[in-house]
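A.B. asks: give the three-dimensional model of this entry:
(one chain, ligands or ions: 1)
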Amino acid sequence: MRLQYAPEDERFRAELVEWLEANAPRDEMQREPKLSSAHMPGWARDWQRKLFDHGWLVPGWPPELGGRNATPTQQMIYFEEMSRREILRSANPQGLGIIAPSIKDYGTPEQQERFLVPTLRADIAWCLGMSEPNAGSDLASLRTRAELVGDEFVVNGQKVWTSGAHHADWCLCFVRTDPSAPKHKGISVLLIDMRSPGIECRPFPELSHPEFRDFNEVFFNDVRVPRENLVGPLNGGWPISQGSLAHERAMLWITYAYDVQRAVAALAGLGDRPVPGGGRLGDDPRFRDALGAFYVDAQALLAMGYRGFSKFLHGKAAPEHSLLKLYGSEALQRVLLYGAEVLGADELDMDLLGPQMWREGSWAVQYLRSFGGTIPGGTSEIQRNIIAERVLGLPR
Ligand SMILES: Cc1cc2nc3c(=O)[nH]c(=O)nc-3n(C[C@H](O)[C@H](O)[C@H](O)COP(=O)(O)OP(=O)(O)OC[C@H]3O[C@@H](n4cnc5c(N)ncnc54)[C@H](O)[C@@H]3O)c2cc1C
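C.D. replies: Numbers count the residues shown, from 1 in each chain. This next block holds a predicted model:
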């Protein structure tokens, strides 16, 4: 699907494409792989800085913050071209995609001065301390306690699933500062130096990342945090959590749509395979039907995304966000599962998704990783709840 844009928007696209063709990294990932979502190999830092220096890191932001004041339509074109080429902007996606915008929206001028440009220029890497053993979907139940003692908060508690914590320099951490208030009202947000005494990160292995440990349990034991590291008002952290997650979700649908398209193309490539009993896989009507259905999924995702975007441009509410997150992450999972079934147990380790710059791994590994899309930022069940209550107006 390719829409027509205004001439100035197409000029923006042409300039971006020309720059990406000349500058995007190609072989570096193979030479020095990433070890977690906060581990930034030298080439990844160089790439992010280059994007920043040329105004291509966050095009909608002003030039001093790595942008070029691009219009919303141009920002969408940017994500189209980046997703089409499978180029990520940062080796520390939570730092760039969630934490920098949160500091920009809610941080004090001093916090912005201290953290924004170093984050954007990949001088520092971040982790996001939200989830706890008994507070995931129900984030407001978090119990990690921060007590204000003089000019410092003293933090005690535990986070879990904290991506990249063992490689991160800083953590945007959600803590309970008023245990007596209703649970949404007693939460604050702190910027915590991950090298502070009393922090222990315990990375744990994942089935889908045998070579790469991203998840951590993080323990805080009397960790002292200066009061000036409080983001937003004391006990006013809940709206920040919602704003942070909205940043994460905004343009994800484009990435899903292109990922599904890539997987469909890889699946179509299996069509010439001989099947037991003679003939080709591509002659099997069930295979052709499945391929058609997955292709339609990708196109429907794009159409729904563009419709939501157009409503947003016209100042209308766009409930498509939850639909897109749910539909995109599950469509990708469906096509990857089908590919795994078609290949059968003997060939699950085959790398069928082609040469990719930022992702590696067999079809089976990609399928396992697709669960990573249906859980964070609100699980599929939570998205269904939101759609039922806020879009369809059904009772709780
Ligand atoms: C790839 C990945 C990266 C992550 N990175 C981070 C990170 O960097 N920092 C961080 O803080 N967290 C991170 N997380 C954690 C993530 O935010 C949580 O896993 C998520 O919020 C779900 O919480 P939970 O795992 O505690 O599951 P739970 O909330 O316990 O849910 C368990 C099951 O119950 C269902 N469920 C829960 N509540 C309801 C309900 N009301 N209605 C219907 N069903 C419900 C859920 O859908 C799920 O199937 C990451 C997770 C993944 C998969």
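A.B. asks: alpha carbons only for contacts and neighbour counts from here, please
C.D. replies: Fine.
A.B. asks: beyond the lowest-mean-pLDDT helix or strand in the chain, next helix or strand please.
C.D. replies: In the chain, the helix or strand scored least confidently by mean pLDDT, DSSP states H and E is helix 28-31, which has a mean of 61. For helix 28-31, the succeeding helix or strand toward the C-terminus, using DSSP states H and E, is helix 42-53.
A.B. asks: list the buried residues in that next one.
C.D. replies: For helix 42-53, a neighbour-count test (16 or more other CA atoms under 10 Å) marks W43, A44, R45, W47, Q48, R49, K50, L51, F52, D53 as buried.
A.B. asks: identify each buried residue in the next helix or strand after it, please.
C.D. replies: Counting by DSSP H and E, the element after helix 42-53 in chain order, helix or strand, is helix 72-84. Under the neighbour-count criterion of 16+ other CA under 10 Å, helix 72-84 has Q74, Q75, M76, I77, Y78, F79, E80, E81, M82, S83, R84 buried.
A.B. asks: who are the packing partners of the strand ranked longest in the chain?
C.D. replies: Taking DSSP state E as the criterion, the chain has its longest strand at strand 216-226. Under the contact criterion of 3 or more CA pairs under 8 Å, 6 or more residues apart in numbering; DSSP states H and E, strand 216-226 touches strand 152-160, strand 187-193, strand 199-203.
A.B. asks: what about it and the ligand, any contact?
C.D. replies: No: Strand 216-226 does not reach the ligand (CA under 6 Å from any ligand atom); its nearest approach is 8.7 Å.
A.B. asks: next SSE after that strand?
C.D. replies: Where DSSP H and E defines the elements, the next helix or strand beyond strand 216-226 is strand 230-231.
A.B. asks: ok, L326 - contacts?
C.D. replies: T374, S380, Q383, R384 (CA atoms under 8 Å, 6 or more residues apart in numbering).
A.B. asks: these two touch, right, A168 and L128?
C.D. replies: No: using CA atoms under 8 Å, A168 is not in contact with L128, being 9.4 Å away.
A.B. asks: so how far is the ligand from V264?
C.D. replies: 23 Å (CA to the nearest ligand atom, to the nearest Å).
A.B. asks: and that residue, how close does it get to W253?
C.D. replies: Separation of V264 from W253 (CA to CA, to the nearest Å) stands at 16 Å.
A.B. asks: quick one: which of those two has more around it?
C.D. replies: Counted by other CA atoms under 10 Å, V264 and W253 do not tie: W253 has more neighbours, with 27 against 24.
A.B. asks: give me phi/psi at the more buried one?
C.D. replies: phi -60, psi -30 (degrees, to the nearest 10).
A.B. asks: quick check: phi and psi on the residue in the stretch 201-350 of the chain that the ligand sits nearest to?
C.D. replies: Closest approach between the stretch 201-350 of the chain and the ligand, counting by CA to the nearest ligand atom: F215, at 7.1 Å. Per-residue torsions, F215: phi -70, psi 150 (degrees, to the nearest 10).
A.B. asks: for it, give me the pLDDT.
C.D. replies: pLDDT recorded at F215 is 94.
A.B. asks: got it, and W126?
C.D. replies: Value for W126, per-residue pLDDT: 98.
A.B. asks: what is the burial count for it?
C.D. replies: W126: 32 neighbours (other CA under 10 Å).
A.B. asks: in stretch 183-199, which residues are buried?
C.D. replies: 183-194, 199.
A.B. asks: residues contacting the closest residue to P93 other than its chain neighbours?
C.D. replies: Counting by CA to CA, 6 or more residues apart in numbering, S37 is the residue found nearest to P93 once chain neighbours are left out, at 6.8 Å. Contacts here follow CA under 8 Å, 6+ apart; on that basis S37 touches A91, N92, P93, Q94, S163, G164, D214.
A.B. asks: I'd like the distance between S37 and the ligand.
C.D. replies: S37 is 9 Å from the ligand, where distance means CA to the nearest ligand atom.
A.B. asks: check the gap between that residue and H166 for me.
C.D. replies: When S37 is compared with H166 (using CA to CA), they lie 10 Å apart.
A.B. asks: ok, which residues in the stretch 151-300 of the chain are in contact with the ligand?
C.D. replies: So far as CA under 6 Å from any ligand atom goes, the stretch 151-300 of the chain lies against the ligand at W161, T162, S163.
A.B. asks: redo those as a markdown table? Include neighbour count.
C.D. replies: Conversion of those to a markdown table gives the following (neighbours: other CA atoms under 10 Å):
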| residue | neighbour count |
| --- | --- |
| W161 | 21 |
| T162 | 23 |
| S163 | 23 |
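A.B. asks: any chance of those residues in CSV, plus pLDDT?
C.D. replies: Below are these laid out as CSV (pLDDT from 0 to 100):
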residue, pLDDT
W161, 97
T162, 98
S163, 96
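A.B. asks: in the stretch 101-250 of the chain, which spans are helices?
C.D. replies: 109-111, 117-120, 238-249 (DSSP state H, counting those that start in this stretch).
A.B. asks: need the ones you listed in CSV with mean neighbour count and mean pLDDT, can you?
C.D. replies: CSV is the format used below for the helices of the stretch 101-250 of the chain (neighbours: other CA atoms under 10 Å; pLDDT from 0 to 100):
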stretch, mean neighbour count, mean pLDDT
helix 109-111, 13, 98
helix 117-120, 19, 98
helix 238-249, 17, 77
